[in-house]
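Peer 1: kindly generate the corresponding structure for this input.
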Amino acid sequence: MAKKIDVFAHVLPPRFRTQMVAKVPDVLERYPFMQHPLLSDFTLRKQHACPDELQVISNVNLNPEDYFGPKEAARLCRELNNELSELVTTHPELFYRAVGAVPLNNMKATKEILAEIATAKELCGVQIFTRALGKSIADESYEELFATAAKLHLPLWLHPIFDQRKPDNNIIFSWEYELSQAMLEIVQAGLLTKYPELKIIVHHAGGMVPYFAGRIEHILPTEQANAFKAFYVDTALLGNKKALELAVAYYGEKHVLYGTDAPLGIAPAGAGRAIQQALVAADISSAQLEQIYFKNFERILAKK
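Peer 2: Next up is the predicted model:
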């Protein structure tokens, strides 16, 4: 069986979880998916692991900056990054690398933490979200994050959150829209052209973008339309074969990475097997599949 690196898998590290619940007692009740046992129970997670697969882990949507001031948020991000590193070291049979966290309410600390991640063996990049502190991630106040990540050759993992200005958020469609809108805002802010070394890995195959390629091509200026092809995307589409084929056709096999959203999506441990079955059944060559499963990510990681 081919080697596989799942670039978008999630955890909720136990010490970090305990700290957050102690300070924000109802936080897990607000977000029931964070109660998934495999996010924090790694013995149980090992029992459900896919063969020949290692995961790149990132924290679930529980960001210190949303609950604490700049100094405390920076401290918690550092402790979270340390715990993520420990998980990689302690569970090499499960985890390949981890994706760190930064406090976007403290840009000085964010840049310092980016430099720390750049020299950490277990950490390979930083997770960002479609919106932060009520603003688009492409807001000019966050540009130093992108500039520093590009300079340090650190990939960014883009994960969706709900836009709290909207009254009709839902888990079926909203996150895919939020990803697509954030990609548009990143493109229109010129971040991908201003920082050509920037690598952004977008969850859920880039949301709606491949489906609306015609609108992108004919409505946006050519430079902006072309910039969408600079994103990298994962395969976390719950086994949708046709959507996977469309993503590969739009982004190219060198910009698609195997990612599952584990352990979320399909009970009990995520959509890994369903996604693998869809990839094998899709109109994708064995050489393309090898690129998607591990070669593309190893190429990105080699530049860190």
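
Peer 1: buried residues of the helix or strand of the chain with the lowest mean pLDDT, list them for me.
Peer 2: Every helix and strand in the chain was compared by mean pLDDT, DSSP states H and E; the lowest is helix 27-30, with a mean of 90. Using 16 or more other CB atoms under 10 Å as the test for burial, helix 27-30 gives 27, 28. C-beta: built from backbone N, CA, C; applies to glycine.

Peer 1: which element follows that helix toward the C-terminus?
Peer 2: Per DSSP states H and E, the first helix or strand lying C-terminal to helix 27-30 is helix 42-47.

Peer 1: packing partners of that following helix?
Peer 2: Helices and strands touching helix 42-47, by 3 or more CB pairs under 8 Å, 6 or more residues apart in numbering; DSSP states H and E: there are none.

Peer 1: looking only at pLDDT, what's the mean for it?
Peer 2: Helix 42-47 shows a mean pLDDT of 96.

Peer 1: strand partners of the following helix or strand past that helix, parallel vs antiparallel please.
Peer 2: As assigned by DSSP H and E, the chain's next helix or strand after helix 42-47 is strand 53-59. Strand 53-59 sits in its sheet next to strand 4-11 (parallel), strand 95-100 (parallel), going by DSSP bridges.

Peer 1: buried set for strand 53-59?
Peer 2: 53, 54, 55, 56, 57, 58, 59.

Peer 1: C-alpha coordinates for that strand, PDB please?
Peer 2: The C-alpha trace of strand 53-59 is given here as PDB (Å, rounded to 0.1, in the frame of the first residue of the first chain):
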ATOM      1  CA  GLU A  53      -0.700   6.700   7.000                       C
ATOM      2  CA  LEU A  54       0.800   9.400   9.200                       C
ATOM      3  CA  GLN A  55      -1.000  12.500  10.200                       C
ATOM      4  CA  VAL A  56       0.000  16.200  10.300                       C
ATOM      5  CA  ILE A  57      -1.900  17.400  13.300                       C
ATOM      6  CA  SER A  58      -3.400  20.900  14.000                       C
ATOM      7  CA  ASN A  59      -5.500  22.100  16.900                       C
END
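
Peer 1: and for it, what's in contact with it?
Peer 2: If you take CB atoms under 8 Å, 6 or more residues apart in numbering as the criterion, strand 53-59 is touched by 4-13, 16, 80, 84, 87-88, 94-99, 101, 124, 127, 157, 159, 262, 272, 297.

Peer 1: the closest residue to residue 111 other than its chain neighbours and residue 77: what is the separation?
Peer 2: Nearest residue to residue 111, sequence neighbours excluded (CB to CB, 6 or more residues apart in numbering): residue 148, at 5.0 Å. Residue 148 sits 15 Å away from residue 77, going by CB to CB, to the nearest Å.

Peer 1: same check, this time on residue 166
Peer 2: 27 Å.

Peer 1: show me where pLDDT drops low in the chain?
Peer 2: 1-2, 304 (pLDDT under 70).

Peer 1: quick one: the strands in the chain, in order.
Peer 2: 4-11, 53-59, 95-100, 123-129, 131-132, 135-136, 156-159, 200-202, 232-234, 256-257 (DSSP state E).

Peer 1: show me what the last one is packed against.
Peer 2: In terms of contacts (3+ CB pairs under 8 Å, 6+ apart), strand 256-257 is packed against strand 4-11, strand 232-234, helix 296-302.

Peer 1: out of those, which comes closest to residue 276?
Peer 2: Minimum separation from residue 276 across the helices and strands packed on strand 256-257 (CB to CB) falls at strand 4-11, 7.5 Å.

Peer 1: could the strands of the chain go into CSV alongside distance to residue 174?
Peer 2: Converted to CSV, these look like this (distance: least, CB to CB, whole Å):
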stretch, distance to residue 174
strand 4-11, 18
strand 53-59, 20
strand 95-100, 23
strand 123-129, 13
strand 131-132, 12
strand 135-136, 15
strand 156-159, 13
strand 200-202, 16
strand 232-234, 18
strand 256-257, 23
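
Peer 1: looking at the ones you listed, which is nearest to residue 41?
Peer 2: Of those, nearest to residue 41 by CB to CB is strand 4-11, at 10.1 Å.

Peer 1: just want the angle from the closest one to strand 123-129.
Peer 2: 50 degrees (axes from the mean of the first three to the mean of the last three CA atoms, to 10 degrees).

Peer 1: any idea how far the most far-flung residue of the chain relative to its centre lies from residue 181?
Peer 2: Relative to the centre of the chain, the most outlying C-alpha is that of residue 218, 28.6 Å out, by CA atoms, centre = their mean. As judged by CB to CB, residue 218 and residue 181 stand 19 Å apart.

Peer 1: lovely, talk soon.
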